[in-house]
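Chemist: sequence first, then the predicted structure, then my questions.
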2 protein chains.
Amino acid sequence: MNIPMFEKAEFDARIGRVQQSMRRRELDALVITAPPNFRYFSGYDTQFWESPARPWFLVIPAEGETIAVIPEIGEPVIAATGTVGSIKTWPAPRPKDEGVSLLSQTLLDLPRRFQRIGFELGRESVLRMPILDFLQVQKNLGATQAVDGSPCIWDVRNVKSAAEIEMIHTSAQIVSRSFEALPGFARIGATEADVCRSLTVDILTRGAHAVPFMACASGEGGYPEIISRPKARELREGDVLIVDVGATVHGYFCDFDRNYAVGKISDAAARAHEAVWLATEAGIQAARPGTKVSDLWRIMMNILEPAGMRGNNVGRLGHGLGLQLTEPPSNNSDDEAVLEAGMVITIEPGMEYAEGKMIVHEENIAISESGPILLTTRAPREMLSIN
Amino acid sequence: MNIPMFEKAEFDARIGRVQQSMRRRELDALVITAPPNFRYFSGYDTQFWESPARPWFLVIPAEGETIAVIPEIGEPVIAATGTVGSIKTWPAPRPKDEGVSLLSQTLLDLPRRFQRIGFELGRESVLRMPILDFLQVQKNLGATQAVDGSPCIWDVRNVKSAAEIEMIHTSAQIVSRSFEALPGFARIGATEADVCRSLTVDILTRGAHAVPFMACASGEGGYPEIISRPKARELREGDVLIVDVGATVHGYFCDFDRNYAVGKISDAAARAHEAVWLATEAGIQAARPGTKVSDLWRIMMNILEPAGMRGNNVGRLGHGLGLQLTEPPSNNSDDEAVLEAGMVITIEPGMEYAEGKMIVHEENIAISESGPILLTTRAPREMLSIN
């Protein structure tokens, strides 16, 4: 399966939108270092980010074309993207001056109307460069301030284009098929690790580009956590198995889980699953432009609490997703975000119904003017069985 | 294949070693945020790091047990590691105070002899928390300085235990087998993406836990770069195909490549491969305790230059590896590191022999008192063929 990449117009639109946000927020430039942001604005696809030796910088000026300030190793690949205005390189690795002087000079050469340059300093942001180097760049900028540019980034990334939503949909559909196939290769007595290895192979074979996230847990009637890697634990009669998958297509994640009944499960576990399934249903129906995510949270809690929810250490009932497994907002009582058309979120109600026994459910949806669009294939109301 | 994890004594030894380094470098505590460092000191295995919503902190005091300062979602899994002294949690996500006050108070409660606390601020380090939050923690610390703790981290991570080396060896052996099998599932006319998907499945099926890095390139007689993901390009007679793989076992990476001749390749390409193979041979032989990595670089350059090397945009001829795909040192003219027993490095000579045509070779070795130990299965002197 060869899934086409975006057209150049997609990237031009992204740059145009972020430049609007930058002008509104009074930034002269935005410096991008983090892999998902670098990919979002340039289209460049690599797993080379696994190597921390060399920072890469994409400079977005308030007007005009982007400037890549990158290690020499990146020159041919960034040139090949066709999305970047110009390229400056330094011979890397060179820890004594790992792009610091070249980036500083590039920024000082830009028009600086506001004397403010944005960096990835704020919410859910990580600056992919040594902080000592960042502090040196800040010093080199003199009177020009290094300020938080993350609001500009989230302004544009939070609202997806139709093409982006289609990538997430493609990934979610691949994983939906693999989740349906899972009972065919999982057996009582198999380990979590065995099942998850087969599932990963199935997902890749169906055409996903990578599976950066797979969490798995199992236990009698539920599980105490949902974030660990699959373990050597063998599936036993009465267990509930959860697998939560973030697979990507051109970098775009789906992020959803499925629960499986191993043999016959307790009535209490089945009732908890019914509650989270119904809460999901309610959450999906309420997810429309204008809905506050805190209201979405309340609507789901109104089903979970009467069903015997003791707690939920996840801390939210869903979140944004896209080029990252999770993105703002958080579906909880504190987040002030309001849904708008083009946002893609997870609906993820979960509850602990007895000590150490959680059941968590999850679907992915896009928000549209005409209502929620389900990107995953809706989970069956009763868990699939493993025998 | 069920590969056992480390014993608790392994983690106690790591903490003991880093505390020695901390006392030498006058730190009262070290704050860990980055996934490979968190895993190194706690043993906790997850891909949940893909979600940037919640920072996790591991506080290593100059003496005594570690303190995990983490989101509530992490409490059961960190308790289960059995490696962490105590756990403090906050309800996350909570962007207005995402662990900032809890971390600050935890640090202020520690004995502070030197009034210096180390954070991951330096070479090849990334601080996995919003920088604005870091600056707030720094402010909360008052007279106690936040300084660079990365030298302490690299002091201990650079020298691997026998158990760590065995993890890398296991991973390297799995991928060696898969590389040998590749000509069985690659054909002229197949795309890079097809070949790499089959290779990933093969590596997972042989027991690797994940394949976080796979780069692929192909072209007539060579390739212009070695860091991109596999593309839709079809393999043609006369191409050289390179695949570079970082697969993990319990988080430990191998990192090496193999070149394949697609049909019959040019004599010039074969000669360039011969040169990098011989340079690798020389590099391996020279890699002994006491050797400077800059000397290792020179020894390899002495073979590549007379063979017609025009350049090499990689910027180094190898590097450390372990819980990251690449770690310090860099085998280049500037790095002052000296090899010692227990270090694991790649020997990675590469050369551009004609415009846009590179050939890069790579093996993984451990340094021991009795000489270099090859962790990969040495590549054949002549490339394997794809037909």
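Modeler: Structure's in. What do you need?
Chemist: number of residues surrounding A:S370?
Modeler: Neighbourhood size, A:S370 [other Cβ atoms under 10 Å in any protein chain shown]: 8. (Glycine included, C-beta is placed from N, CA and C.)
Chemist: check what pLDDT the residue lying closest to A:F256 once chain neighbours are set aside gets.
Modeler: Sequence neighbours aside, A:E362 is the residue nearest to A:F256 in space, at 4.3 Å (criterion: Cβ to Cβ, 6 or more residues apart in numbering or on different chains). Per-residue pLDDT puts A:E362 at 98.
Chemist: show me the contacts for A:E362.
Modeler: Counting by Cβ atoms under 8 Å, 6 or more residues apart in numbering or on different chains, A:E362 touches A:D244, A:D255, A:F256, A:D257, A:T280, A:G318, A:T346, A:I347, A:E348.
Chemist: who's in contact with stretch A:96-109?
Modeler: Here stretch A:96-109 has contacts from A:29, A:31, A:54-55, A:57, A:59, A:67, A:69-71, A:88, A:90, A:92, A:117, A:129-130, A:133, A:136-137, A:140-142, A:144, B:334, using Cβ under 8 Å, 6+ apart.
Chemist: scratch that, stretch A:205-212 is what I was asking about
Modeler: A:1, A:3, A:47, A:171, A:174-175, A:177-178, A:200, A:203-204, A:245-251, A:253, A:325, B:47, B:50, B:197, B:201, B:212, B:229.
Chemist: change it to 7 Å
Modeler: With contact meaning Cβ atoms under 7 Å, 6 or more residues apart in numbering or on different chains, stretch A:205-212 is reached by A:1, A:171, A:174, A:177-178, A:200, A:203-204, A:245-250, B:47, B:50, B:201.
Chemist: which of those are buried? Put it as a ChimeraX command.
Modeler: ChimeraX command restricting those to the buried ones, with burial defined by 16 or more other Cβ atoms under 10 Å in any protein chain shown:
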select /A:171,174,178,200,203,204,245,246,247,248,249,250 /B:47,50,201
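Chemist: what about the contacts of stretch A:205-212, which are in helices?
Modeler: A:S171, A:I174, A:R177, A:S178, A:T200, A:I203, A:L204, B:V201 (DSSP state H).
Chemist: and the residues you listed, which is closest to A:I386?
Modeler: Nearest to A:I386, judged by Cβ to Cβ, of the ones in helices among the contacts of stretch A:205-212 is A:S178 at 14.5 Å.
Chemist: my read: the closest one touches A:L199, true?
Modeler: Yes - shown here, A:S178 and A:L199 form a contact pair, counting by Cβ atoms under 7 Å, at 5.9 Å.
Chemist: wait, doesn't A:M383 sit right on A:N259?
Modeler: Yes - A:M383 lies in contact with A:N259 (Cβ under 7 Å); the separation is 5.0 Å.
Chemist: shared neighbours of those two, anything?
Modeler: Joint contacts of A:M383 and A:N259 (Cβ under 7 Å, 6+ apart) are A:H273.
Chemist: please identify which helix or strand holds A:I345.
Modeler: Assigned by DSSP states H and E, A:I345 belongs to strand A:344-347.
Chemist: got the buried residues for stretch A:156-166?
Modeler: A:V156, A:R157, A:N158, A:V159, A:K160, A:A163, A:E164, A:I165, A:E166.
Chemist: what about the second one, distance to chain B?
Modeler: Going back to what we said before, that points to A:R157. 12 Å (Cβ to the nearest Cβ, to the nearest Å).
Chemist: so who does A:T326 touch?
Modeler: A:D255, A:H319, A:G320, B:S51, B:P52, B:A53.
Chemist: measure it to A:E362 for me?
Modeler: 11 Å (Cβ to Cβ, to the nearest Å).
Chemist: just A:L132 next, same as before
Modeler: For A:L132 relative to A:E362 (Cβ to Cβ), the value is 39 Å.
Chemist: then A:G251?
Modeler: 20 Å.
Chemist: CA atoms of the host helix or strand of A:L103 as CSV?
Modeler: Assigned by DSSP H and E, A:L103 falls within helix A:100-108. What follows is helix A:100-108, C-alpha atoms only, in CSV (Å, rounded to 0.1, in the frame of the first residue of the first chain):
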residue,chain,number,x,y,z
VAL,A,100,24.8,27.9,18.2
SER,A,101,26.7,30.6,16.3
LEU,A,102,25.0,29.8,12.9
LEU,A,103,21.5,29.9,14.4
SER,A,104,22.2,33.1,16.3
GLN,A,105,23.6,34.9,13.3
THR,A,106,20.6,33.7,11.2
LEU,A,107,18.2,35.1,13.7
LEU,A,108,20.1,38.4,14.0
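Chemist: touching the helix or strand following it from outside, list them.
Modeler: As assigned by DSSP H and E, the chain's next helix or strand after helix A:100-108 is strand A:116-119. With Cβ under 7 Å, 6+ apart as the test, strand A:116-119 has contacts from A:22, A:26-31, A:107, A:127, A:141, A:144-149, A:152.
Chemist: now intersect these with the strands, please.
Modeler: A:A29, A:L30, A:V31, A:Q145, A:A146, A:V147, A:D148 (DSSP state E).
Chemist: which of the residues you listed are buried, as a ChimeraX select command?
Modeler: Paste this into ChimeraX to select the buried members of those, with burial taken from 16+ other Cβ under 10 Å:
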select /A:29,30,31,146,147,148
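Chemist: nearest to chain B among the ones in strands among the contacts of strand A:116-119?
Modeler: Closest approach between the ones in strands among the contacts of strand A:116-119 and chain B, by Cβ to the nearest Cβ: A:D148, at 6.0 Å.
Chemist: pretty sure the closest one contacts B:P130?
Modeler: No - look at A:D148 against B:P130 with Cβ under 7 Å: they stay out of range, at 8.5 Å.
Chemist: where does pLDDT dip in chain A?
Modeler: A:1-2 (pLDDT under 70).
Chemist: how is it carved up into domains?
Modeler: A:8-157, A:162-386 (automatic domain parsing).
Chemist: need the residues of the stretch 151-300 of chain A near chain B, please.
Modeler: Residues of the stretch 151-300 of chain A found near chain B (Cβ under 7 Å from any Cβ of the partner chain) are A:197, A:200-201, A:204-205, A:212-215, A:224-225, A:227-229, A:232, A:246.
Chemist: now list the buried members of those residues.
Modeler: For these, buried by 16+ other Cβ under 10 Å: A:197, A:200-201, A:204, A:212-215, A:224-225, A:227-229, A:246.
Chemist: let me see the ranges of the helices in chain A.
Modeler: So, for chain A - with DSSP H - the helices run A:8-24, A:35-42, A:75-81, A:100-108, A:131-140, A:150-157, A:162-181, A:192-205, A:267-286, A:293-304.
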